[in-house]
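Undergrad: Please find the sequence and the predicted model below.
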Amino acid sequence: MDVDKPPDPGESITISQYDSQCPNTAQPSSSRKRVGEYETVESNPKKLISDPTLASPSIQSQYEHPSLSEAPKKYVSDDKGPFIVYVSREVSDPSAGTSIRAINFGQFLHKHKVSSILNDGVKNVGRNKISVEFTSAQSANDFLTNPILEISKFKAFIPTYNITRMGLVRGVPSDWHLDEFVKSIEIPSGCGEILKARRLNRKQVNDSGVTWVPTQSVVVTFRGQVLPVKIYSYHTSLPVETYRLPTIQCVNCCRFGHVKAQCRSSPRCFKCSQFHSGESCSVLLDQVVCILCSGKHLATDRNCPEHSRQQSIKIVMSDENLSYQDASSRFPPVRRSYADLAKEMISSTPFSNRTIPNYTLLPQVPTKSYKQSVFRPPRPRAPMGKGFDRQAHNDITRNCQSSLGNGSALNNDHTYTLSSNDNLIPNLTKSLTTIIEILGQNPLPSNVAQIFVKIASVLSNGFGTSSSVEL
């Protein structure tokens, strides 16, 4: 399988596949010949890449508002939080490795009595960059002009993504000057003015070399955090899309976010991941190792999981207007652990090269068992208690034998005589009479009084006469 040398992107941004691809787009497959890994081609001379700014000198490719060069960027009263200011130390040599720690810079702010800073508002966002979040826009603007920054050789600025939004406008004639286009634009209310406009160029390859052709797509930067749905130019509406930041990768250090011309890091090979340039590496294709995910492919392969992760990060940054640090925290890194790498190395080792242990030299395990089986009788069950005895129950509840016939107690007349010495009834009568007399001394209801009179009459006349008193 052949290996193509990865393309070296320039500093200009190209348009490819609806302006959402990386600017280091390789030549189309229809016009490129694939050669062997180490095969040299002498018949085809090296193509020259022309400067994209000189492709069409008569057409203006960029417009900038005068306010961008007159004064530093500041927040306005209509801006919404967070109000973030970036601080970096001024150094003469960017590759010197100067760094700032967030806690040290927080101590610096406390000593110089810089107020209106949120808790957890001082964070590291780079090797030489600190993020400071303030409670209000005015506090952030005042910090930009604080004299202590210049004395201590610090540089403060507001990140562009926090006060601007980038949109893509299509259908702008390629022969228009951007000054004329910006002056003709009417912006809906609630949206900021246009600070910058940049026309995208398309790379065109021919026999004479590579040229850059202007397109009808223009990237427009609006002031504020609101992106209009559409703008109007000469009474014509032009839809505004969210501009997707391109995913660019450096072929010198294999990192993302910059190109080789801007790289300040040591070279890393995109073939074997060692500390040398990948252009001079002679590693075979079946031995390449990706420095980003430890996979068996080039670090510049677009099918690399880290490349897909970087594309997702750029989409979130474009859609939600976030910093790279905030957007990248949503996607876990793809670099595999040591256990995964070791498992892959073991599975990829040829079986013939593995050392097979000689199991015949191992001591033999005895096969005779000395286990004795002991049989125990089952435990006897506890005797059950005496349950329900139907016969005993019937003996208790059965009818007793009687000498009298059935119903003799109801049909036979009985006479009861009292002895002459029995004074039960007179004593009972006397007691009832006494009770009635005592109760009659108290006022009683008329109906109760009548009943008492009848009872007293019965008691005085005896039980022999009939009475109609209902007790």
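TA: Structure's in. What do you need? Numbering: from 1, shown residues only.

Undergrad: hey, where'd the strands end up in the stretch 1-150 of the chain?
TA: Counting by DSSP state E, counting those that start in this stretch, the stretch 1-150 of the chain has strands at residues 62-64, 83-89, 117-126, 129-134.

Undergrad: Please, where are all the strands along the stretch 201-350 of the chain?
TA: So, for the stretch 201-350 of the chain - with DSSP E, counting those that start in this stretch - the strands run 209-223, 230-233, 236-242.

Undergrad: Find the residue at the geometric middle of this structure.
TA: Centroid-nearest residue in the chain: R330, 7.2 Å away (criterion: C-alpha atoms, centre = their mean).

Undergrad: neighbours around the closest residue to that one other than its chain neighbours, how many?
TA: Once flanking residues are discounted, R330 sits nearest to V316: 6.4 Å by C-beta to C-beta, 6 or more residues apart in numbering. (Each C-beta comes from the backbone N, C-alpha and C, glycine too.) By the criterion of other C-beta atoms under 10 Å, V316 has 17 neighbours.

Undergrad: do K230 as well
TA: K230 has 13 neighbours, counted by other C-beta under 10 Å.

Undergrad: K183 too?
TA: Count around K183 with other C-beta under 10 Å applied: 11.

Undergrad: That one and G171: what is the separation?
TA: 17 Å (C-beta to C-beta, to the nearest Å).

Undergrad: before we move on, what about H112?
TA: 52 Å.

Undergrad: who does the helix or strand harbouring I425 touch, helix- and strand-wise?
TA: Per DSSP states H and E: I425 is located in helix 424-440. In terms of contacts (3 or more C-beta pairs under 8 Å, 6 or more residues apart in numbering; DSSP states H and E), helix 424-440 is packed against helix 446-461.

Undergrad: got the domain boundaries for this structure?
TA: 1-11+256-347, 48-69+161-245, 74-157, 426-461 (automatic domain parsing).

Undergrad: average model confidence for the first one?
TA: Mean per-residue pLDDT for domain 1-11+256-347: 83.

Undergrad: next one: the shortest one
TA: Averaged across domain 426-461, the pLDDT comes to 83.

Undergrad: Mind listing what's buried along that domain?
TA: For domain 426-461, the neighbour count (16 or more other C-beta atoms under 10 Å) marks 455, 458 as buried.

Undergrad: quick one: the helix holding I425 to chain centroid distance?
TA: Offset of helix 424-440 from its chain centre (C-alpha atoms, centre = their mean, to the nearest Å): 98 Å.

Undergrad: I'd like the numbering to begin with 54 instead of 1 from here.
TA: All right, first residue 54 from here; so that's helix 477-493.

Undergrad: burial count for F196?
TA: Neighbour tally, F196, other C-beta under 10 Å: 22.

Undergrad: separation between it and P125?
TA: Counting by C-beta to C-beta - F196 and P125 are separated by 12 Å.

Undergrad: Ok, H350 next?
TA: 44 Å.

Undergrad: Of these two, which one has the most company?
TA: H350 (17 against 11).

Undergrad: For that one, which non-adjacent residue is spatially closest?
TA: C343 is the one closest to H350 (C-beta to C-beta, 6+ apart), at 5.4 Å.

Undergrad: I'd guessed that neighbour sits against K324; true?
TA: No: checked against C-beta atoms under 8 Å, the pair C343 and K324 is beyond contact range at 9.2 Å.

Undergrad: how near is the residue lying closest to V279 once chain neighbours are set aside to L231?
TA: The shortest distance from V279 to any non-neighbouring residue, by C-beta to C-beta, 6+ apart, is to C244 (5.2 Å). Distance from C244 to L231, counting by C-beta to C-beta: 19 Å.

Undergrad: Likewise for L221?
TA: 14 Å.

Undergrad: Repeat that for M370.
TA: 25 Å.

Undergrad: Also I491?
TA: 126 Å.

Undergrad: returning to that earlier point: which of M370 and L231 has more neighbours?
TA: Higher neighbour count among M370 and L231: L231, with 21 against 18, using other C-beta under 10 Å.

Undergrad: Tell me who's in contact with the residue lying closest to the more buried one once chain neighbours are set aside.
TA: Leaving aside its sequence neighbours, L231 sits nearest to Y116 (C-beta to C-beta, 6+ apart; 3.9 Å). Applying C-beta atoms under 8 Å, 6 or more residues apart in numbering to Y116 gives the contacts 231-232, 234-235, 247, 249-251.

Undergrad: Can you check the pLDDT for the residue lying closest to R317 once chain neighbours are set aside?
TA: Nearest residue to R317, sequence neighbours excluded (C-beta to C-beta, 6+ apart): S148, at 4.5 Å. Note on S148: pLDDT of 70.

Undergrad: I figured S148 hits S319, correct?
TA: No: if you go by C-beta under 8 Å, S148 and S319 don't touch, sitting 9.5 Å apart.

Undergrad: hang on, the earlier thing: please, a PyMOL command that selects the buried ones among the contacts of Y116?
TA: Listed next is the PyMOL selection for buried residues among the contacts of Y116, using 16+ other C-beta under 10 Å:
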select buried, resi 231+234+235+247+249+250+251
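
Undergrad: closest to I508 among the contacts of Y116?
TA: Top of the list for closeness to I508, among those and by C-beta to C-beta, is I247 at 118.8 Å.

Undergrad: Dig out what that closest one forms beta bridges with.
TA: F275 (DSSP bridges).

Undergrad: how near is it to S237?
TA: Distance from I247 to S237, by C-beta to C-beta: 11 Å.

Undergrad: Could you do S145 as well?
TA: Per C-beta to C-beta, S145 is found 45 Å from S237.

Undergrad: neighbour count winner among those two?
TA: The residue with more neighbours, out of S145 and S237, is S237; 14 against 6, by other C-beta under 10 Å.

Undergrad: give the contact list for the more buried one.
TA: 286-287.

Undergrad: ditto for T482
TA: Contacts of T482 (C-beta under 8 Å, 6+ apart): L512.

Undergrad: which residues in the stretch 104-253 of the chain form helices?
TA: 120-123, 155-164, 190-197, 200-204, 231-236 (DSSP state H, counting those that start in this stretch).

Undergrad: Same list (these) but as TSV, adding distance to Q302 and mean pLDDT.
TA: As requested, these are exported to TSV (distance: least, C-beta to C-beta, whole Å; pLDDT from 0 to 100):
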stretch	distance to Q302	mean pLDDT
helix 120-123	28	75
helix 155-164	28	93
helix 190-197	33	93
helix 200-204	34	92
helix 231-236	29	93
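
Undergrad: Mean neighbour count, those helices: which tops it?
TA: helix 190-197 (a mean of 18; mean count of other C-beta atoms under 10 Å).
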